[in-house]
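*Asks:* sequence and predicted structure are below.
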Amino acid sequence: MASTRNLNRFWEWGRKIICVGRNYADHAKELKNAVPTEPVLFLKPPSAYVTEGSAIMVPFYSHNLHHEVELGVVIGKGGTAIPQNAAMDHIAGYALCLDMTARDVQDECKTKGLPWTLAKAFNTSCPVSEFITKEKIADPGNVKIWLKVNDQLRQEGNTSQMIFSIPFLISYISEIITLEEGDLILTGTPKGVSSVQEHDELQAGIEGIVSMKFRVDRPE
Ligand SMILES: O=C([O-])CC(=O)C(=O)O
Ligand SMILES: [Mg+2]
């Protein structure tokens, strides 16, 4: 049955944000990580969402906040162990997303063998664009995503470079974590991640589809 709830403001639903790491070989390599043979997964809480008009806040405990531009997939129909050949039917649409990462804290977590929660899940760590209906992206496996800091191009990639495809990810994730309507999957970032400072302006887009703008700030 079709849902009567409006996914245009999916970030208000309070559902899961499931992130895929190291899904582009060029980014895995730039951080000197091995190219994975299985998806690397982590989570952000819904309190991580921030939309245009509000600032991205540098966590007080970090001095190296990185941007990671990623294509986000918004789930329209939930499911468990969704077969790859049915995966596209479970998508309601897309959003451009930033996986903001406290890289210094992540490095420390890696060294100590600790989870990435403090590096990835803080308030405002998931800026999102407006909701993009499924029809607007004919092939999510072939769109160009980009990000500029203060008008300087830092990241540019194509989702065709993903190691694990969107149908594969939906199938893989849903075998472990049941997907629900309103969930968001962040599909990983291409190379070019770099540091941002308070007062920087981030601009990002999916070529021909959407663009968005965020300012970076630091709590007093
Ligand atoms: O922190 C990382 O490098 C892993 C990650 O999120 C990504 O590859 O998008
Ligand atoms: Mg990421």
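*Replies:* Everything's here; your move. Ligands and ions are numbered 1, 2, ... in the order given.

*Asks:* CA atoms for contacts and neighbours, from now on please.
*Replies:* Will do.

*Asks:* so where is this structure shaky, pLDDT-wise?
*Replies:* 1-4 (pLDDT under 70).

*Asks:* pick out the residue nearest the middle of it.
*Replies:* Central residue of the chain (Cα atoms, centre = their mean): residue 186, 3.3 Å from the mean position.

*Asks:* list the residues that contact that residue.
*Replies:* Contact analysis of residue 186 by Cα atoms under 8 Å, 6 or more residues apart in numbering lists 17-20, 70-73, 97, 99.

*Asks:* try residue 156
*Replies:* By Cα under 8 Å, 6+ apart, the contact set of residue 156 is 144-147, 190-192.

*Asks:* who does the host helix or strand of it pair up with?
*Replies:* Assigned by DSSP states H and E, residue 156 belongs to strand 152-158. For strand 152-158, the pairing partners within the sheet under DSSP bridges are strand 144-149 (antiparallel).

*Asks:* distance to ligand 1 added to the contacts of residue 186, as JSON lines?
*Replies:* Shown next, in JSON lines, are the contacts of residue 186 (distance: Cα to the nearest ligand atom, whole Å):
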{"residue": "17", "distance to ligand 1": "12"}
{"residue": "18", "distance to ligand 1": "10"}
{"residue": "19", "distance to ligand 1": "7"}
{"residue": "20", "distance to ligand 1": "6"}
{"residue": "70", "distance to ligand 1": "7"}
{"residue": "71", "distance to ligand 1": "10"}
{"residue": "72", "distance to ligand 1": "11"}
{"residue": "73", "distance to ligand 1": "14"}
{"residue": "97", "distance to ligand 1": "11"}
{"residue": "99", "distance to ligand 1": "6"}
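
*Asks:* among those, which are located in strands?
*Replies:* Among these, the residues falling in strands (DSSP state E) are 17-20, 70-73, 97.

*Asks:* which bits of the chain sit near ligand 2?
*Replies:* 99, 188 (Cα under 5 Å from the ion).

*Asks:* repeat the analysis, applying 6 Å as the threshold.
*Replies:* When proximity is defined as Cα under 6 Å from the ion, the chain approaches ligand 2 at 21, 68, 99, 188-189.

*Asks:* out of these, which is most surrounded?
*Replies:* Of all these, residue 189 has the most neighbours under the rule other Cα atoms under 10 Å, reaching 32 neighbours.

*Asks:* I figured it hits residue 29, correct?
*Replies:* No: with contact defined as Cα atoms under 8 Å, residue 189 does not count as touching residue 29 (11.9 Å).

*Asks:* what does the chain have sitting close to ligand 1?
*Replies:* 21-23, 188-189 (Cα under 6 Å from any ligand atom).

*Asks:* among these, which are in strands?
*Replies:* residue 21.

*Asks:* now distance to residue 54 too, for the residues of the chain next to ligand 1, in JSON lines please.
*Replies:* Shown next, in JSON lines, are the residues of the chain next to ligand 1 (distance: Cα to Cα, whole Å):
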{"residue": "21", "distance to residue 54": "26"}
{"residue": "22", "distance to residue 54": "28"}
{"residue": "23", "distance to residue 54": "28"}
{"residue": "188", "distance to residue 54": "23"}
{"residue": "189", "distance to residue 54": "22"}
